[in-house]
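Visitor: Turn this into a structure:
(chains A and B)
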Amino acid sequence: MRAVRLSVVTAAAAAAALTAVTGCAEKSDSKASDDAITVVAKDDSCEVSKKEFPAGHVKLAVENRGSKITEVYVLFPDDRIVTERENIGPGTKATVTAEFKSGDYFIACKPGMKGDGIRQAVKATGGKTAAKRSPEMDAAVAAYRQYVQAQADETLPKVKVFTDAVRAGDVEAAKKAYAESRIGWERTEPVAESFGDIDPKVDVREDGLEDGQDPAKDWTGWHRLEKALWQDKKIGDREKQLADLLDKDLADWQKRVGKAEITPTSMANGAKELLDEVATGKVTGEEERYSHTDLVDFKANVEGAQKSFDLLKPVASKNDPKLVADLDKQFAALNTLLDKYRTDKSGYVFTSYEKVGKTERKELSDGVNALAEPLSKLAAAVVK
Amino acid sequence: MSENTTEEQGAAPSRRKVIGWGGAGLALGAAAAGGAVALTRDGDRTAPVADSGGAVPFHGPHQAGIATAVQDRLHFASFDVKTKDRDELIQLLKDWTRAAERMTAGAEVGEGAYGGLPEAPPDDTGEALGLKPSRLTLTIGFGPSLFDGRFGLKDKRPGALVELPKFPGDNLDPARSGGDICVQACADDPQVAVHAIRNLARIGFGKVAVRWSQLGFGKTSSTTPDAQTPRNLFGFKDGTRNIAGTETDRLAKHVWVSGKDAEGAAAWMDGGSYLVARRIRMNVETWDRTPLSEQEDIFGRDKKEGAPVGKAKEHDEPFLKAMKPDSHVRLAHPDSNNGATILRRGYSFTDGTDGLGRLDAGLFFLAYMKDVRTGFIPVQTQLAKHDALNEYTQHVGSALFAVPPGVRDKDDWWGRALFA
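Guide: The predicted structure follows:
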């Protein structure tokens, strides 16, 4: 998982069907042209200069005339994020650009960067649709969509083993089922995060709560239960409620995940993001701070990234065979390194991360860097 | 010697400009480099001016960053080689050389920091955009561990590339010591130095991994004796009698490897040097409680002027016998060490505090020499045993590197002679 607001950033990349490009505030002034749509964000309003515009590459010139830092989102009707721009300070301007297919959208300003935002319904008109992709690309996306759905379908029963144990008050059984229940989620996390609202419910850590949220009331999901099991070592009524809630939220994920907007670019970026997750959360031991099952998540993240890579390989190897060879090598090297921490190579029982020393953690971190750096070039190799 | 920098072309170009000019920027770099070669051929003078944001030529018989007038800031990184593939290591050294050429000229790495494919991360990390070249120098060295047989270099390990002995009082942290390859980045702007190391580390991922790195915020020695001698964190002038970048004879005698020192296994070191890096923690709090007279006795110089005991001026010839037997200057002086002379290029550092309310501060000692066995080792043996300063210092990191000769031109690369 990542902190709540960060998950939104990921979403933009995962929804990069539209190759959303966010501009830079400093540079935006010179770039902003007359055909831009003006968005004036105030503390209690979000004014849009045009409610209807031709589909295609559209520029939003945002000005925050309010007193609070704001965010601007472009959303699909189902709240899927097209693109977003955070941290627009009072009195400052920013440019947001996105490729709009014809259809309905919301433009939302979020003064204070909280809540659902103040929304304006807008419409992109005309015949311009997404560029036609090659059959190879379509095949890769279709296969990945199936993979993501299968991960969700297989995860739900495993989660039920875990939540049943919690409901039965069986601490040991719950601890045993915990890590395995997360594998499918960890493999496909960037897609799940693209929905924005599910990740903060099921995978947030205590430090990921927003200011004003009460850990006793607002902290839900796997890590809240992890803390109960490993640190507090007891299951109460609240934990049993949270087990029900986890089932429910993940059922929502299972239902929606198949409809996620997936593109070759978002697959490649998603793979990179999975490695980012490893680099920032797992290598440091922050993700599973009570259960120390970080290496299970680590492995699942790498597997999910490798799946995307494998599916994109036919396209990428035409454009950049050297990169593909390097990635093959680095995936193999990292998997070999991870295998040192499990005895059964087909299972997911890994060494507890608190037993992994400083030198070994450095070695794992070096391995992640060695893979993540070339992986960051995969998206370009796919679209080139 | 302002002719040795791009200053002569007019105002120092900002990084952005160099890139904006495109071909013109490259031509400028080439012109500067050509000038350097001509200069060094004439008189082996490799020290450019100390007072500009201009570019120091990258190409030449010796690497820049040794005799070069000492810049204000340092970022030093030591790398472990992760790849087992000799060819991959060679390719990395070539890639690094090309990136170093660009960065020292004030240009961005690869295709730059923006304007490329939106789906791809930019080649350059971007934080040096708009900054001047800031006299950035990048100097590479190879540690003893690189010659352990992984890359077929066993018979190329120079005799001078020894393991440093353990000196009394050493408390070395392995995580801050050693390394297969080092890169010293010096610049007048700290962001330029950090940008250089960051981008080299990024290019190196998968092939090398940073083992440790050290920032230095202030120079403690200079190679420009006309300028004011910098002070160390004990408040004393340091490096008064350092080898100057213009002293061709002393450089040839004490710093550059040549002649019989560049034969056999060390043939590839002709024009190179040896670098000792020591992280020396200074207990500044206890030092600050020491009476002035005792501080001056410990150093053997007075605090204000830096004059040796009994003399009036900093640059007066010291009379060693007038100093206490355990004074720092007396023990470190060439006359007390069979003439041993090294080129010091160290930096003060402060890495925050140590958790006990004390500054984690000290000297990141860097010294270049022709042979450590007649340079650093005898001097440090003396100091470690007797120096009164030891009460206030502790060596906590250590590394030794063979620094190859300079990169001659656009086709040459760091370490070419070693891997030939």
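Visitor: The helix or strand of chain B at the bottom of the mean pLDDT ranking: what's the following helix or strand?
Guide: Using mean pLDDT, DSSP states H and E, helix B:23-43 stands out as the lowest-scoring helix or strand of chain B, at a mean of 34. Per DSSP states H and E, the first helix or strand lying C-terminal to helix B:23-43 is strand B:73-81.
Visitor: Give me the angle between the following helix or strand past that following strand and strand B:73-81.
Guide: Going down the chain from strand B:73-81, the next helix or strand is helix B:86-104, by DSSP H and E. For helix B:86-104 against strand B:73-81, the angle by axes from the mean of the first three to the mean of the last three CA atoms, to 10 degrees is 170 degrees.
Visitor: Please name every helix or strand in contact with the helix or strand where residue A:62 lies.
Guide: Following DSSP H and E, one finds residue A:62 within strand A:56-64. Contacts defined by 3 or more CB pairs under 8 Å, 6 or more residues apart in numbering or on different chains; DSSP states H and E place strand A:56-64 against strand A:37-41, strand A:70-75, strand A:81-88, strand A:93-100. Heads up, the C-betas are built off the backbone N, CA and C, glycines and all.
Visitor: Mind putting these into a markdown table with mean pLDDT and mean neighbour count?
Guide: Conversion of the helices and strands packed on strand A:56-64 to a markdown table gives the following (pLDDT from 0 to 100; neighbours: other CB atoms under 10 Å in any protein chain shown):
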| stretch | mean pLDDT | mean neighbour count |
| --- | --- | --- |
| strand A:37-41 | 94 | 20 |
| strand A:70-75 | 88 | 24 |
| strand A:81-88 | 80 | 22 |
| strand A:93-100 | 83 | 22 |
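Visitor: among those strands, which is nearest chain B?
Guide: With CB to the nearest CB as the measure, strand A:93-100 is the member of the helices and strands packed on strand A:56-64 nearest chain B (9.9 Å).
Visitor: Note down every partner strand of the closest one and its orientation.
Guide: strand A:21-22 (antiparallel), strand A:56-64 (antiparallel) (DSSP bridges).
Visitor: Out of these, which is closest to residue A:307?
Guide: Ranking those by proximity to residue A:307 (CB to CB) places strand A:21-22 first, at 26.4 Å.
Visitor: what does the stretch 251-384 of chain A put close to chain B?
Guide: A:265, A:268-269, A:326, A:330, A:358, A:362, A:366, A:369-374, A:376-377, A:379-380, A:382-384 (CB under 8 Å from any CB of the partner chain).
Visitor: which strand residues sit across from the closest residue to residue A:49 other than its chain neighbours in the sheet?
Guide: Of all residues not flanking residue A:49 in the chain, residue A:38 sits nearest, at 4.0 Å (CB to CB, 6 or more residues apart in numbering or on different chains). Beta bridges link residue A:38 to residue A:61, judged by DSSP bridges.
Visitor: returning to that earlier point: now the angle between strand A:70-75 and the strand holding residue A:62, please.
Guide: Using the same axes, to 10 degrees: strand A:56-64 against strand A:70-75 is 160 degrees.
Visitor: Mind telling me what element the residue nearest to residue A:195 when sequence neighbours are not counted is part of?
Guide: Leaving aside its sequence neighbours, residue A:195 sits nearest to residue A:256 (CB to CB, 6+ apart; 6.0 Å). Here residue A:256 sits within helix A:237-257, counting by DSSP H and E.
Visitor: next helix or strand past that helix?
Guide: Immediately after helix A:237-257, counting by DSSP H and E, sits helix A:264-277.
Visitor: buried ones in the next helix or strand after that following helix?
Guide: On the C-terminal side of helix A:264-277, the nearest following helix or strand under DSSP H and E is helix A:294-319. If you call a residue buried by 16 or more other CB atoms under 10 Å in any protein chain shown, then helix A:294-319 has these buried ones: A:294-313, A:315-317.
Visitor: where does the chain have low pLDDT?
Guide: Unless you meant another one, I'm taking chain A. In the prediction, chain A carries residues with pLDDT under 70 at positions A:1-34, A:77-81, A:127-133.
Visitor: wrong one, I was asking about chain B
Guide: B:1-52.
Visitor: Dead centre of it: give me the residue that sits there.
Guide: Closest to where the C-alpha atoms of chain B average out (CA atoms, centre = their mean) is residue B:184, at 5.2 Å.
Visitor: Let me know the helix or strand that the nearest residue to that residue once chain neighbours are set aside is in.
Guide: Using CB to CB, 6+ apart and skipping residues adjacent in sequence, the residue nearest residue B:184 is residue B:139, 4.4 Å away. Using DSSP H and E, residue B:139 maps to strand B:137-142.
Visitor: Against which helices or strands is that strand packed?
Guide: helix B:86-104, strand B:181-187, strand B:393-403.
Visitor: packing partners for the shortest one?
Guide: This means strand B:181-187. For strand B:181-187, the packing partners by 3+ CB pairs under 8 Å, 6+ apart are strand B:73-81, strand B:137-142, helix B:190-204, strand B:273-282, strand B:393-403.
Visitor: Output the ones you listed in CSV; the columns should cover mean neighbour count.
Guide: Below are these laid out as CSV (neighbours: other CB atoms under 10 Å in any protein chain shown):
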stretch, mean neighbour count
strand B:73-81, 24
strand B:137-142, 27
helix B:190-204, 22
strand B:273-282, 24
strand B:393-403, 23
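Visitor: Can you say which of the ones you listed is nearest to residue A:59?
Guide: Using CB to CB, these put helix B:190-204 closest to residue A:59, at 30.9 Å.
Visitor: List the neighbouring strands of the helix or strand that comes right after the closest one plus their orientation.
Guide: Counting by DSSP H and E, the element after helix B:190-204 in chain order, helix or strand, is strand B:208-216. Next to strand B:208-216 in the sheet, as set by DSSP bridges, lie strand B:73-81 (antiparallel).
Visitor: that older thread, and the residue nearest to residue A:49, what does it touch?
Guide: For residue A:38, the contacting residues are A:47, A:48, A:49, A:60, A:61, A:63, by CB atoms under 8 Å, 6 or more residues apart in numbering or on different chains.
Visitor: out of the residues you listed, who's nearest chain B?
Guide: Out of the contacts of residue A:38, the member with the shortest distance to chain B (by CB to the nearest CB) is residue A:60, at 16.7 Å.
Visitor: which residues touch that closest one?
Guide: A:36, A:37, A:38, A:39, A:72, A:74, A:95, A:96, A:97, A:98, A:107.
Visitor: ok, now how distant is the last one from residue B:220?
Guide: I take that to be residue A:107. 57 Å (CB to CB, to the nearest Å).
Visitor: And residue B:278, by the same measure?
Guide: In terms of CB to CB, residue B:278 sits 12 Å off from residue B:220.
Visitor: What are the boundaries of the helices in the stretch 51-200 of chain A?
Guide: A:135-167, A:171-181, A:183-187, A:189-193, A:199-202 (DSSP state H, counting those that start in this stretch).
Visitor: among the ones you listed, which is the most enclosed?
Guide: helix A:189-193 (a mean of 28; mean count of other CB atoms under 10 Å in any protein chain shown).
Visitor: Could you find the closest non-adjacent residue to residue B:324?
Guide: Per CB to CB, 6+ apart, closest to residue B:324 is residue B:297, 5.3 Å.
Visitor: wait, isn't that neighbour in contact with residue B:329?
Guide: No: using CB atoms under 8 Å, residue B:297 makes no contact with residue B:329, being 10.6 Å away.
Visitor: Could you check which of the two has the larger neighbour count?
Guide: residue B:329 (22 against 18; other CB atoms under 10 Å in any protein chain shown).
Visitor: Who are the contact partners of the more buried one?
Guide: B:299, B:300, B:301, B:308, B:318, B:320, B:323.
Visitor: try residue A:220
Guide: A:201, A:202, A:204, A:242, A:245, A:246, A:249.
Visitor: ok, residue B:92 to residue B:276 distance?
Guide: 25 Å.
Visitor: Residue in the stretch 301-420 of chain B with the shortest distance to chain A?
Guide: Closest point on the stretch 301-420 of chain B to chain A, by CB to the nearest CB, is residue B:397, at 16.3 Å.
Visitor: Residue B:365 falls within a strand, correct?
Guide: Yes: counting by DSSP: H, G, I helix; E, B strand; the rest coil, residue B:365 is part of a strand.
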